[in-house]
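Trainee: Predicted model follows, preceded by the sequence.
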Amino acid sequence: MSTMQINSRLRRIHAGWYVGAFVLVLGVVAQVLYSTGAYDSWRNGRSLDQACDGTLAQGGLDAALGSSNLRVGSLDSDGDYLTQCSVQTTKSGARGGTLQVRLRWSGATAPSGSLVWYSQDYEGVRGQAAPLGNGWPGIVRHDDTWQVMVAIDCQNEKSKALVAYGDLYASSTGPALTGLGRVVTESAQKAAAKYGCRARAGKQLTQVSAPTLGKPRTVKPLAQAQGSCAALREPASTVAESGTPLIMEYPADTQAPQVNCYLVTPAKKPGYGLYAYYGAVAKDFLASEGRNLKEGYGPTHKDNDYSWATAKCPQSAQPAVFVLYRLYDRDTDTYPVRHYSAQFAASAVKAFADHEAKQRGCTDVQMASQP
């Protein structure tokens, strides 16, 4: 065998060794990546980047779910959504958690899950929603789960808004709510840019407060009203005569798409609830309760202990809606305000609507006729 043949054979042997060694190294690396969870982490990170059509904002996810070990979960379709996604912790059971994000245009059919909130307006303070704050047109609400909702108007298309919902099935700590708020607002901002909605965004959320009205410490005299109940200060004597000399209110926020004011009895029970709804939220409210209002069905569907009004507001063709309900107390199975006064209800909701309209540049406040 010649020297050339020997060298050629050695080269082939060495090449085989190199290929075998390379394959072995790849196998070892793959095993290390798999056993340490690095591969799962990479795969989950890629899935998060693609979630909600690439619009899912991840800045607040860790805080919302209390973990950095996250993966994209499955989500059943419910409604005419632009996009939707679900994020879960990799742990299950009591320490696990889920955050769901859904986005839709305001003109799309409202999903059934977003309407259930409005059927509770007459039941104490269950229909309350706290303003999100920091310039965001959003609210925070709670009923077994936490939800942050924002409705961002498209400045380049009148009467069109991008609506985003975030539902948290996990811890309800302050950092978790703030994380939820960041995910929803920042996802809405990304989606608006992606889908051609020129929107005016708020500032980054650093603290989101939970809805707290209903606790005794939130009750104060009407004369001290400075926020959502400020409209009722002037007819204070009339309000006191109605049996509700106290109030529960949120700070004034002209960006919030829902506003709540509660008139409270001396026993610190909410007797009347005043609600204002704007834009996409007004549309959702009417989809849920509009028929009852127009046909005369009140809180128990046997009465008409309510009064309501509408107004025209800039940017949206959807009129704002203002409603007063006499509230029902499930704990005692009674109405804290025993005798409903239609005259008082009409005057209170008119004062509330006029004040709200003035704050937001709305016009043409009209009292709705009662059946």
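Mentor: Received it, and whenever you're ready, just let me know what you need.

Trainee: give the contact list for residue 211.
Mentor: Neighbouring residues of residue 211 by Cβ atoms under 8 Å, 6 or more residues apart in numbering: 128, 129, 130, 140, 141, 142. All C-beta spots, glycine's among them, are computed from the backbone N, C-alpha and C.

Trainee: could those be laid out in JSON lines, adding distance to residue 229 and pLDDT?
Mentor: Converted to JSON lines, the contacts of residue 211 look like this (distance: Cβ to Cβ, whole Å; pLDDT from 0 to 100):
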{"residue": "128", "distance to residue 229": "13", "pLDDT": "92"}
{"residue": "129", "distance to residue 229": "15", "pLDDT": "93"}
{"residue": "130", "distance to residue 229": "14", "pLDDT": "95"}
{"residue": "140", "distance to residue 229": "19", "pLDDT": "96"}
{"residue": "141", "distance to residue 229": "19", "pLDDT": "93"}
{"residue": "142", "distance to residue 229": "21", "pLDDT": "89"}
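
Trainee: so which of the residues you listed comes closest to residue 164?
Mentor: residue 140 (13.0 Å; Cβ to Cβ).

Trainee: Among the contacts of residue 211, which one has the most neighbours?
Mentor: The most neighbours of any of these, using other Cβ atoms under 10 Å, belong to residue 128, which has 27 neighbours.

Trainee: mind listing what that residue touches?
Mentor: 141, 211, 213, 214, 260, 262.

Trainee: quick check, the last one in a strand?
Mentor: Yes: counting by DSSP: H, G, I helix; E, B strand; the rest coil, residue 262 falls inside a strand.

Trainee: Residue 69 reaches residue 87, doesn't it?
Mentor: No: Residue 69 is beyond contact range of residue 87, at 11.1 Å (criterion: Cβ atoms under 8 Å).

Trainee: neighbour-wise, which of those two wins?
Mentor: Remark: of residue 69 and residue 87, residue 87 carries more neighbours, 25 against 14, as counted by other Cβ under 10 Å.

Trainee: Provide the secondary structure category for residue 118.
Mentor: Classification of residue 118 using three-state DSSP returns helix.

Trainee: Once you drop chain neighbours, what's closest to it?
Mentor: Computed as Cβ to Cβ, 6 or more residues apart in numbering, the closest residue to residue 118 that is not its neighbour in sequence is residue 288, at 4.0 Å.

Trainee: and that neighbour, what helix or strand is that in?
Mentor: Element membership of residue 288, judged by DSSP states H and E, is helix 279-295.

Trainee: Run the chain-centre distance for that helix.
Mentor: Centroid separation for helix 279-295 versus its chain: 18 Å, with Cα atoms, centre = their mean, to the nearest Å.

Trainee: Following the chain past that helix, name the next helix or strand.
Mentor: strand 306-312.

Trainee: What pairs with that following strand, parallel or antiparallel?
Mentor: If you go by DSSP bridges, strand 306-312 pairs up with strand 320-326 (antiparallel), strand 363-367 (antiparallel).

Trainee: Contacts for it next, please.
Mentor: By Cβ under 8 Å, 6+ apart, the surrounding residues in contact with strand 306-312 are 122, 293, 298-299, 319-326, 342, 345-346, 348-350, 353, 356-357, 362-368, 370.

Trainee: repeat that with 6 Å
Mentor: With Cβ atoms under 6 Å, 6 or more residues apart in numbering as the test, strand 306-312 has contacts from 293, 298, 319-325, 345-346, 349, 353, 357, 362-368.

Trainee: Show the buried residues in those residues.
Mentor: Among the contacts of strand 306-312, those scoring as buried are 293, 298, 319-325, 345-346, 349, 353, 357, 362, 365, 368 (criterion: 16 or more other Cβ atoms under 10 Å).

Trainee: Show me the strands in the stretch 151-300 of the chain, by range?
Mentor: With DSSP state E, counting those that start in this stretch as the criterion, the stretch 151-300 of the chain has strands at 161-169, 220-221, 246-249, 258-264, 270-277.

Trainee: Put together CSV for the ones you listed, with mean pLDDT, mean neighbour count and distance to residue 205 on each row.
Mentor: As requested, the strands of the stretch 151-300 of the chain are arranged in CSV below (pLDDT from 0 to 100; neighbours: other Cβ atoms under 10 Å; distance: least, Cβ to Cβ, whole Å):
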stretch, mean pLDDT, mean neighbour count, distance to residue 205
strand 161-169, 95, 24, 12
strand 220-221, 96, 14, 27
strand 246-249, 96, 26, 22
strand 258-264, 96, 28, 18
strand 270-277, 96, 27, 22
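
Trainee: And the ones you listed: which comes nearest residue 54?
Mentor: Of all these, strand 161-169 sits nearest to residue 54, with 14.7 Å by Cβ to Cβ.

Trainee: what packs against that closest one?
Mentor: When contacts are defined as 3 or more Cβ pairs under 6 Å, 6 or more residues apart in numbering; DSSP states H and E, strand 161-169 sits against strand 98-105, strand 145-153, helix 174-194, helix 279-295.

Trainee: any chance of the ones you listed in CSV, plus mean pLDDT and distance to residue 338?
Mentor: Shown next, in CSV, are the helices and strands packed on strand 161-169 (pLDDT from 0 to 100; distance: least, Cβ to Cβ, whole Å):
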stretch, mean pLDDT, distance to residue 338
strand 98-105, 95, 42
strand 145-153, 94, 34
helix 174-194, 96, 37
helix 279-295, 91, 23
